[in-house]
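**Q** got a predicted structure here, sequence first:
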Amino acid sequence: MNAHLLRLFRTAPVVWLLAGLLGCGPGVGGTGTGAAPDPASFGASAESVCTAPFAGALQCPVGAGAPGTANVLKGTDVVHFADVAAGGNVAASIDGNVVQFTARCAALAFTGTWGVLVGEGRFYGYAAAGAGAQTLPATLVVQVAGNSGLDLQVTLRDAAGGPLHGPVTLQRVSAPVANPAACP
């Protein structure tokens, strides 16, 4: 066997392993669903998160969410939130119109896209409890908390509206919390 084929056989398993890891879903601890969920699959209309009541806590570019323009679905630049007061074990990052939410100690992960149904906005997506767990339809309800306008109160709900986690107050942080506190 020539050296080229031998090298190919030795590296093929590594390539397949890396391809599998990259396809596990968005970010570390992703839900494994791949692309961000479409709010239409929940009966909601996709909208820019920059039109949400808590848009003041985001970093929305000028013109984002403007009706009748090419920016109608443009979302926020990346922003991070964490329950800093409770140790940073619950976190959310919003990029564009997509949220990545994790409740580390509860082993919950959620990925959702901002949408509006009957005048009420929320993130529509899928949650998973634990590594390798099956995903289930869920929503993340977000409200402004406190007087700063930069804190958010979030509640993760199942498809029937029952609470899965929260409500919990998240503070805006400059980067994801690197060393969260130990779980209680």
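**A** Arrived safely.
**Q** geometrically speaking, which residue is the centre of the protein?
**A** The C-alpha lying nearest the average C-alpha coordinate of the chain belongs to residue 100 (Cα atoms, centre = their mean; 1.5 Å).
**Q** name the element that residue belongs to?
**A** Counting by DSSP states H and E, the element that carries residue 100 is strand 98-103.
**Q** what does residue 138 give?
**A** Taking DSSP H and E as the definition, one finds residue 138 inside strand 136-145.
**Q** distance from that strand to the middle of the chain?
**A** Offset of strand 136-145 from its chain centre (Cα atoms, centre = their mean, to the nearest Å): 10 Å.
**Q** what helices or strands is it leaning on?
**A** Applying 3 or more Cβ pairs under 8 Å, 6 or more residues apart in numbering; DSSP states H and E, one finds that strand 136-145 contacts strand 108-117, strand 120-129, strand 151-158, strand 163-173. (Each C-beta comes from the backbone N, C-alpha and C, glycine too.)
**Q** so what strands line up beside the strand holding residue 100?
**A** strand 90-96 (antiparallel), strand 108-117 (antiparallel) (DSSP bridges).
**Q** among the ones you listed, which is nearest residue 50?
**A** Closest to residue 50 of these, according to Cβ to Cβ: strand 108-117, at 8.9 Å.
**Q** run the chain-centre distance for that closest one.
**A** 7 Å.
**Q** same question for stretch 54-70.
**A** From the chain centre to the centre of stretch 54-70 is a distance of 18 Å (Cα atoms, centre = their mean).
**Q** does the residue nearest to the centre of the chain touch residue 79 like I think?
**A** No - here residue 100 lies out of contact with residue 79, judged by Cβ atoms under 8 Å, at a distance of 11.4 Å.
**Q** now do the shared contacts for these two.
**A** residue 93 (Cβ atoms under 8 Å, 6 or more residues apart in numbering).
**Q** let's see the pLDDT reported for residue 129.
**A** With respect to pLDDT, residue 129 scores 87.
**Q** do the one 4 residues further on as well
**A** Per-residue pLDDT puts residue 133 at 73.
**Q** one more: the one 5 residues further on?
**A** We note a pLDDT of 96 for residue 138 in this prediction.
**Q** ok, and the closest non-adjacent residue to residue 165?
**A** residue 156 (4.3 Å; Cβ to Cβ, 6 or more residues apart in numbering).
**Q** dump the residue contacts of that neighbour.
**A** Contacts of residue 156 by Cβ under 8 Å, 6+ apart are 101, 103, 108, 110, 127, 138-141, 163-166.
**Q** rewinding a little: single out the most deeply packed of the helices and strands packed on strand 136-145.
**A** Most buried of the helices and strands packed on strand 136-145, by mean neighbour count (mean count of other Cβ atoms under 10 Å): strand 108-117, with a mean of 24.
**Q** quick check: mean pLDDT of that one?
**A** 96.
**Q** now do it against strand 151-158, angle only.
**A** Here strand 108-117 points in a direction 100 degrees away from that of strand 151-158 (axes from the mean of the first three to the mean of the last three Cα atoms, to 10 degrees).
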